[in-house]
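Novice: Here's my sequence, what's the structure:
(one chain, ligands or ions: 2)
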Amino acid sequence: MRPRVIRQALRAESDPGGGAEAFSWAQVGRDLGIRPGGPVNMAYLAVDRHADSELADKPAFRFLAENRSPHDLSYRELARLTDRFGNALKSLGVQPGDSIFVLCGRRCELYVAVLGALKIGAIVSPLFPAFGPEPIRNRMAQAAGKVLVTTASAYLRKVEPIRGELPSLRHVVLVDDAGGGVVPETHGWEHLLHAASDVPALVATTAGDPALLHFTSGTTGMPKGALHVHAAILTHYATARIALDLRPDDLFWCTADPGWVTGMSYGILAPLAVGATCIVDEAEFDAARWVAILESEGVNVWYTAPTAIRMLMKAGPTLFAGHAFAALRFIASVGEPLNPEAVWWSMETFRLPIHDTWWQTETGGIMVANAAADDIRPGAMGRPVPGIAAHVVRHRAGEPVTVIETPETVGELALESGWPSMFGAYLGQPERYRECFAGNLYLSGDLVRRDADGYFWFVGRSDDVIKTAGHLIGPFEVESALMEHPAVAEAGVIGKPDALAGEVIKAFVALKHDVVPSDALRSELLAHARRRLGAAVAPKEIAFVECLPHTRSGKILRRLLKARELGLSEGDSSTLE
Ligand code: ATP
Ligand code: MG
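Specialist: Ligands and ions are numbered 1, 2, ... in the order given. Model prediction:
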C-alpha cells in the first residue's frame, strides 16, 4: 500500500521571506532592488541587474544543439546583445507599447530578441514555432504586430504568403540571414545587430506597463490572448524560489517552449531573475536525449509537464537503467493534472517525487504548488503559494458567487485578484475579461476540492466535468485510475450523452508500446476501473487508440475526443498537435 503523503525536509533557503508569515510582495520587490514607485523592467531585473554583479561572467543560458557542443552565454554577454537588439528595434522605429512577435525554434536569437524587446518597453508575443499561417495571421492581426523575428524558411513558407493581410507588420528580421537582405523586404539579424549601438537600450517602464502577450493553449476553444505587465516578474522570482526551490547556483531546465507561458515565465524570466543558469535544448523531445541531458549536464532543478513524464514512463525502465542523476534535486510539473502514478514512477526512477504546480496563462505564474518545504500528496495540486489567497467557490449561472468553506466539496477554483502576474486583459475581448471576475475574485474555470489540510485537488475543467446518474465526475480521477494499470500509457475520458444517465463515461486508452489491444484486455481494464472507482464512476466503454489528440502544448484534448465521438465539428484545431 502506498502512503498518502511523501514527507519533505523543510529547507529554509526555499523561503526567501524567512517564513510564509513574513511574505509580502513589497519584500519581494525590495529583494529585487525595486524602489517604491520606481521603474520596473523585466529584462533589467532578469539580465542587466546581474551583468554588473559577481554573476556577470556566469552563463545565463547553456544552449544544447542537436549536433554541436554546448554553447554558453554569460549574463554580461546577454546584456550586451539585448542592448544591441533593443537599439536595433529603436532604429526601426519601434516604440514602447508596440507588439513584437517571435517565431523560431529555441535558439540564442530567440532569447536575445525577447529580452531586447522587453528592455525597450515593447510587448513581446512568442509564437509556437510549429504554427502554420492561420494561427500566425490570427494572432499577429489581433495584436497589430509591428515586427516579426523569425527564420528565412518560416518566413517564406508561412508569413510571406499572408503578409498582405498583416498591414501593421512593418519589419521582418531573419535570425539565420547572416548577410542581410537575402530575402526581399526583410532584415538580416547579424547585419542589424552589427549596425546597432550597444549603449544601454533600457527604457524606464513601470510596474503596470504591458510586457507580454501570451495566447492560451486552446484546450477548451479558440485561444485567448492574455496580456501581462512588467511587475509579473515579482511572481516569477518569488515562485521560482518557493515553489521550484531554485537558487542562483542551480542549473535549471524548463522543458517548455517559450511559445507557451511556461517557457517564458519559467524558461526565461524566473530563472534569470534568480541568477541561475538555464538549459535550452534546441532539439525536440527524445526520451534517450532527455535522460542524457538530465544526467550529463548535471541538471539540479527540472520543470516539465505531465505529458512529457508520461512519454518517459511509456519508454520503459530500461532507458533509465544504469543512469545516476546525482545532481538532480527538485522536479516539478505543470500544464495538466499529474497522475499519482507518475509521482511514484519518479520516486522509483529518480528517487525524488514530482512536485505538481497549478497555474494558467491568465495567472502568469505558479499559484498553487506542492512547494519545496511542503509534504507532497500524490494527486494533489498542492497549496496556494505565499502571497496568493485561493478559494473554492460555488458559481452557477444567474446566481451570486459564494465561497465554500466545507472541505472536500467540489467547486470552482478562485483567486483573490491583485497578484503581480495577473493578466490585465484578454486582447480584444473586454467583456470576456470582466466575466472572469466576481468582485475581487478571479474565477479560474477549473473545478477543485480542498482537503481539510488546505491541499487542492484538481477535479476537471468546468467544460470537461461529466454528469452521470446524478454524480459529478472529473475525468482526471478516472484517467488516473486507468493509468495505474500496467498496460496503460495514457487515457482520456469524456461524457457521452445518454438518455437514461444524462451522460455515460467513455475512456479512450493508449497502450504501452509492447501491449496488444484485445477484448480480454478491455474487460480487464473495465473490471480494474470498477474495482478502483466503483461502478458509478468507472467507465462504461473503453476504446483503444494509437494515441490521444493533444494541444501543441501537450494537453489531452477531451473536447476533440467528444466531438469525434458525437460526429460533431472539431471546432478550432489551430493548436492541435
Ligand atoms: P484554453 O484556456 O485556451 O482552453 P488552456 O486552459 O489549456 O487553454 P493554459 O493556460 O495553457 O491554456 O492552461 C491552463 C490550464 O491547464 C488550467 O486552467 C488547468 O485546466 C490546466 N492545468 C495546468 N496545471 C495544472 C495542474 N497542475 N493540474 C491540473 N490542471 C492543470
Ligand atoms: Mg484556460
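Novice: Run through the stretch 451-577 of the chain and note the low-pLDDT ranges.
Specialist: Flagging of the stretch 451-577 of the chain using pLDDT under 70 yields the residue ranges 572-577.
Novice: what ranges do the strands span in it?
Specialist: 456-461, 466-468, 471-473, 488-498, 502-511, 541-545 (DSSP state E, counting those that start in this stretch).
Novice: what does the first one rub up against?
Specialist: What that stands for is strand 456-461. Taking contacts as Cβ atoms under 8 Å, 6 or more residues apart in numbering, the residues outside strand 456-461 that touch it are 219-220, 337, 358, 368, 379-384, 390, 392, 410, 413, 445-451, 465-466, 472, 474-477. (C-beta placed from N, C-alpha, C; glycine too.)
Novice: Looking at the strands of the stretch 451-577 of the chain, spot the one closest to G188.
Specialist: strand 488-498 (43.4 Å; Cβ to Cβ).
Novice: Could you check that closest one and say which residues are buried?
Specialist: Residues of strand 488-498 classed as buried: V488, A489, E490, A491, G492, V493, I494, G495, K496 (neighbour count, 16 or more other Cβ atoms under 10 Å).
Novice: Show me what the last one bridges to in the sheet.
Specialist: If I follow you right, that is K496. According to DSSP bridges, V504 are recorded as the beta-bridge partners of K496.
Novice: are any of the contacts of strand 456-461 buried, and which?
Specialist: The neighbour count (16+ other Cβ under 10 Å) marks 219-220, 337, 358, 368, 379-384, 390, 392, 410, 413, 445-450, 465-466, 474-477 as buried among the contacts of strand 456-461.
Novice: out of these, which touch ligand 1?
Specialist: For ligand 1, the contacts drawn from the buried ones among the contacts of strand 456-461 by Cβ under 6 Å from any ligand atom are T219, T220, P337, W358, M381, D446.
Novice: Please convert those residues to a markdown table, extending it with pLDDT.
Specialist: Compiled in a markdown table, those are given as follows (pLDDT from 0 to 100):
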| residue | pLDDT |
| --- | --- |
| T219 | 83 |
| T220 | 81 |
| P337 | 94 |
| W358 | 98 |
| M381 | 97 |
| D446 | 96 |
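Novice: Out of these, which sit inside strands?
Specialist: Where those overlap with strands, as defined by DSSP state E, the overlap consists of W358, D446.
Novice: tell me the two of the ones next to ligand 1 among the buried ones among the contacts of strand 456-461 that are most distant?
Specialist: Pairwise distances among those were taken by Cβ to Cβ; the largest, 18.4 Å, belongs to T220 and M381.
Novice: Quick one: the helices in the stretch 51-200 of the chain, in order.
Specialist: Shown for the stretch 51-200 of the chain, the helices assigned by DSSP state H, counting those that start in this stretch span residues 75-91, 108-119, 133-142, 152-154, 189-195.
Novice: list the buried ones in stretch 454-465?
Specialist: By neighbour count, and taking 16+ other Cβ under 10 Å as the criterion, the buried residues in stretch 454-465 are Y455, F456, W457, F458, V459, G460, R461, D464, V465.
Novice: Specify which member of those residues is nearest to ligand 1.
Specialist: The nearest member of the buried residues of stretch 454-465 to ligand 1, counting by Cβ to the nearest ligand atom, is F458 at 3.9 Å.
Novice: so what's the closest one closest to, chain neighbours aside?
Specialist: Sequence neighbours aside, P337 is the residue nearest to F458 in space, at 4.5 Å (criterion: Cβ to Cβ, 6 or more residues apart in numbering).
Novice: Just to check, the one you found is in contact with A305?
Specialist: No: P337 sits out of contact with A305 when judged by Cβ atoms under 8 Å, with a separation of 11.1 Å.
Novice: and the stretch 201-350 of the chain, which of its residues are near ligand 1?
Specialist: Taking Cβ under 6 Å from any ligand atom as the criterion, the contact residues of the stretch 201-350 of the chain with ligand 1 come out as T216, S217, G218, T219, T220, G221, P223, K224, V334, G335, E336, P337.
Novice: which other residues reach stretch 556-576?
Specialist: Around stretch 556-576, the neighbours that count as contacts under Cβ under 8 Å, 6+ apart are 128, 131-132, 134-135, 138, 217-223, 307, 336, 463-464, 475, 479, 490, 492-497, 506, 508, 548-553.
Novice: Just the closest residue of the stretch 1-150 of the chain to ligand 1, please.
Specialist: At 11.3 Å from ligand 1, F128 is the closest residue in the stretch 1-150 of the chain, using Cβ to the nearest ligand atom.
Novice: does that residue really touch D257, like I thought?
Specialist: Yes: in this structure, F128 sits in contact with D257. The criterion is Cβ under 8 Å, and the distance is 6.1 Å.
Novice: Now do the shared contacts for those two.
Specialist: Going by Cβ under 8 Å, 6+ apart, residues that sit against F128 and also against D257 are S553.
Novice: Would you mind finding the most buried of the helices of the stretch 51-200 of the chain?
Specialist: When you average the neighbours per residue for each of these (mean count of other Cβ atoms under 10 Å), helix 108-119 leads with a mean of 26.
Novice: Can I get it in PDB? Just the C-alpha atoms.
Specialist: Presented in PDB, the C-alpha positions along helix 108-119 are these (Å, rounded to 0.1, in the frame of the first residue of the first chain):
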ATOM      1  CA  CYS A 108      20.100  32.000 -28.900                       C
ATOM      2  CA  GLU A 109      18.500  34.700 -31.100                       C
ATOM      3  CA  LEU A 110      15.000  34.000 -29.700                       C
ATOM      4  CA  TYR A 111      16.100  34.700 -26.200                       C
ATOM      5  CA  VAL A 112      18.000  37.900 -27.200                       C
ATOM      6  CA  ALA A 113      15.000  39.100 -29.200                       C
ATOM      7  CA  VAL A 114      12.600  38.600 -26.300                       C
ATOM      8  CA  LEU A 115      14.700  40.200 -23.700                       C
ATOM      9  CA  GLY A 116      15.900  43.000 -26.000                       C
ATOM     10  CA  ALA A 117      12.300  43.900 -26.900                       C
ATOM     11  CA  LEU A 118      11.300  43.900 -23.200                       C
ATOM     12  CA  LYS A 119      14.100  46.300 -22.500                       C
END
